[in-house]
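Trainee: show me how the following folds:
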Amino acid sequence: MFVQHFFAHYINLILGPAAAWLMTLVGQPPLNPGRPITGVFSMEIVAFLVLLIFFIVVRCTLKVENPGTAQQLAEMTEELVSSQTEPIIGDRYPLYLGFLTALVLFVFLNNILGLIPDVETPTSSEVVPLGLAIVTFVYYHLQGLRWNKISYGKQFLGPLWWLAPLMLLIEFISHLARILSLTVRLFANMFASDLLILISFSLIPFIFPVIFIGFHLFVSIIQAYVFMMLAAIYIGQAIAHEH
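Mentor: The predicted structure is shown next:
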């Protein structure tokens with residue numbers, strides 16, 4: 001994968017020593033100290049930089065009249081996220097537009113990077129969906145604690161004190177299952193889509209690959225949308241007052 005290795009090479013030149021030091025510091029020394037940043041992770045960095053540049057361009061070119069293309073795309077994305085998440089989260093939804101918008105765009109961009117020749121779709125590697133799922137898991141619990149304080153923890157104990165240990169175990173497993181659900185759903189769909197494209201190119205390298213490329217784009221959009229909506233549902237449940 002020349003393109004992916006190209007980015008990985010230069011990202012390792014810039015960030016490799018710092019990454020190797022940090023991994024060693026936390027007790028997980030890299031298997032390859034010379035290239036601690038993998039090709040998949042390098043593409044995540046590329047996706048992050050693309051989004052960062054996009055947001056900077058939007059911020060620097062804001063206009064009330066005659067908005068540019070970047071601003072129009074940003075406004076369309078914001079309107080989509082707002083319309084979909086307001087009924088779920090409620091009046092506090094504006095507080096979470098930033099997180100949910102960044103989440104859906106980051107997932108979508110990582111999904112479609114696989115359409116670039118010689119690039120593995122980052123989200124078809126299980127570690128990427130897992131990382132996104134853990135971030136979402138931590139974030140919605142922090143928001144639950146932020147708005148409900150100690151009463152947020154009471155929901156995990158149930159209404160009856162003598163059932164509290166059992167309810168705590170059930171809730172613990174249930175919330176951990178959300179990480180698994182978010183991870184497997186995104187990983188399995190993107191891995192299958194990547195596999196279909198690879199098989200189609202190897203068997204019939206002209207017409208059918210175009211069909212599967214369109215299918216990959218469709219799956220990328222749907223999976224980014226589903227991931228965002230599930231995150232919104234978890235946030236809405238965490239910040240609700242009925243605890």
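Trainee: so residue 16: helix, strand or coil?
Mentor: Following DSSP: H, G, I helix; E, B strand; the rest coil, the label given to residue 16 is helix.
Trainee: that one reaches residue 36, doesn't it?
Mentor: Yes - Residue 16 sits in contact with residue 36 when judged by Cβ atoms under 8 Å, with a separation of 5.6 Å. Just so you know, the C-beta spots here come from the backbone N, C-alpha and C atoms, and that holds for glycine as well.
Trainee: ranking helices and strands of this structure by mean pLDDT, which lands last?
Mentor: Lowest mean confidence among the helices and strands of the chain (mean pLDDT, DSSP states H and E): helix 150-154, at a mean of 84.
Trainee: mind listing what's buried in the lengthiest helix in the chain?
Mentor: Looking only at the chain and at elements set by DSSP state H, the helix with the highest residue count is helix 164-203. For helix 164-203, the buried set under the neighbour-count rule, 16 or more other Cβ atoms under 10 Å, comprises 167, 178-179, 182-183, 185-187, 189-191, 193-194, 196-197, 200.
Trainee: from residue 99, how far out is residue 7?
Mentor: With the distance defined as Cβ to Cβ, to the nearest Å, residue 7 ends up 26 Å from residue 99.
Trainee: typed the wrong thing, it's residue 193
Mentor: 26 Å.
Trainee: thought residue 70 was touching residue 57?
Mentor: Yes - checked against Cβ under 8 Å, the pair residue 70 and residue 57 is within contact range at 4.8 Å.
Trainee: between these two, who's got more neighbours?
Mentor: Neighbour tally, residue 70 and residue 57, criterion other Cβ atoms under 10 Å: the higher count belongs to residue 70, 18 against 15.
Trainee: need the contact partners of the helix or strand harbouring the more buried one.
Mentor: Taking DSSP states H and E as the definition, residue 70 sits inside helix 69-89. Under the criterion Cβ atoms under 8 Å, 6 or more residues apart in numbering, residues 54-55, 57-58, 61-63, 67, 93-94, 96-97, 100-101, 104-105, 225, 228-229, 232-233, 235-236, 239 lie in contact with helix 69-89.
Trainee: centroid-wise, who is the farthest residue in the protein?
Mentor: Each residue of the chain has a distance to the centre, and by Cα atoms, centre = their mean the biggest one is for residue 162: 38.9 Å.
Trainee: just the buried positions in the helix or strand in which residue 108 is found, please.
Mentor: Using DSSP H and E, the secondary-structure element containing residue 108 is helix 97-112. Along helix 97-112, the positions that meet the burial threshold by neighbour count (16+ other Cβ under 10 Å) are 97, 99-101, 103-112.
Trainee: tell me the two of these that are most distant?
Mentor: 97 and 112 (22.2 Å; Cβ to Cβ).
Trainee: the nearest residue to residue 226 once chain neighbours are set aside and residue 138, how far apart?
Mentor: Nearest non-adjacent residue to residue 226, counting by Cβ to Cβ, 6 or more residues apart in numbering: residue 185, 6.8 Å away. Distance check for residue 185 against residue 138: by Cβ to Cβ, it reads 19 Å.
Trainee: for residue 239, same thing?
Mentor: From residue 239 over to residue 138 (counting by Cβ to Cβ), the distance is 15 Å.
Trainee: these two: which is more packed in?
Mentor: Under the neighbour definition other Cβ under 10 Å, residue 239 and residue 138 were set side by side, and residue 239 has more, 21 against 11.
Trainee: wait, isn't the more buried one in contact with residue 145?
Mentor: No - with contact taken as Cβ under 8 Å, residue 239 and residue 145 are classed as non-touching, separated by 9.8 Å.
Trainee: for residue 225, give me phi and psi.
Mentor: Torsion angles at residue 225 (phi, psi; degrees, to the nearest 10) stand at phi -60, psi -50.
Trainee: find the nearest non-adjacent residue to it, please.
Mentor: The shortest distance from residue 225 to any non-neighbouring residue, by Cβ to Cβ, 6+ apart, is to residue 104 (6.8 Å).
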